[in-house]
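Colleague: A structural model of the following input is requested.
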Amino acid sequence: MSQIRIEEQIGGAILHLKGQFIGGPETDELKEALKIFSDQNLNNLIINLENVTYLNSTALGVLISSHASFVKRNGKIILCNVSKSLENIFVITKLTLVFTIADTIEDAKKLFN
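Modeller: Here you go, the predicted model:
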């Protein structure tokens, strides 16, 4: 069972994800959380992938479409704490060219300033 924890921040939020996102209810939950941020016109979002073990193509699609909607309104999504295995997925799919990836939450916060 995957889990999503939202941490509101001044001017944005941090989404802490946990588990596997394989296109089931957990991915729908992620899509819903990202839609809420989009509807609130939140511009700065950090997605902490520290406890994520797997993202399938459906979950990546959710991240990509959210990224596109954020960029449209000059917002920014930064991914952080990406494990080696997840990083391989981002490299193979060339998503490292799409997403800003920071090592830690602190590094990600600095990228907004």
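
Colleague: Relative to R5, how far out is the most centrally placed residue in the chain?
Modeller: Centroid-nearest residue in the chain: I47, 3.6 Å away (criterion: Cα atoms, centre = their mean). Applying Cβ to Cβ, to the nearest Å, the value for I47 to R5 is 11 Å. In short, each C-beta sits where N, CA and C put it, glycine included.

Colleague: Touching both of those two, which residues are there?
Modeller: Residues touching both I47 and R5 (Cβ atoms under 8 Å, 6 or more residues apart in numbering): L15.

Colleague: related to what we said a few turns ago, which residues touch the residue nearest to the centre of the chain?
Modeller: Applying Cβ under 8 Å, 6+ apart, the residues contacting I47 are 14-15, 17, 63, 77-80.

Colleague: cool, and S57?
Modeller: G23.

Colleague: For T104, see how far away it is.
Modeller: Distance, S57 to T104, by Cβ to Cβ: 27 Å.

Colleague: One more: A68?
Modeller: 25 Å.

Colleague: what's the answer for N48, then?
Modeller: 9 Å.

Colleague: How about I4?
Modeller: From I4 to T104 the distance is 19 Å (Cβ to Cβ).

Colleague: related to what we said a few turns ago, which neighbours do N48 and T104 share?
Modeller: Joint contacts of N48 and T104 (Cβ under 8 Å, 6+ apart) are 80-81.

Colleague: more neighbours, those two?
Modeller: Neighbour totals were compared for N48 and T104, and N48 leads with 22 against 13 (other Cβ atoms under 10 Å).

Colleague: can you pull the contacts of that one?
Modeller: Counted by Cβ under 8 Å, 6+ apart, N48 has contacts 14-17, 80-81, 105.
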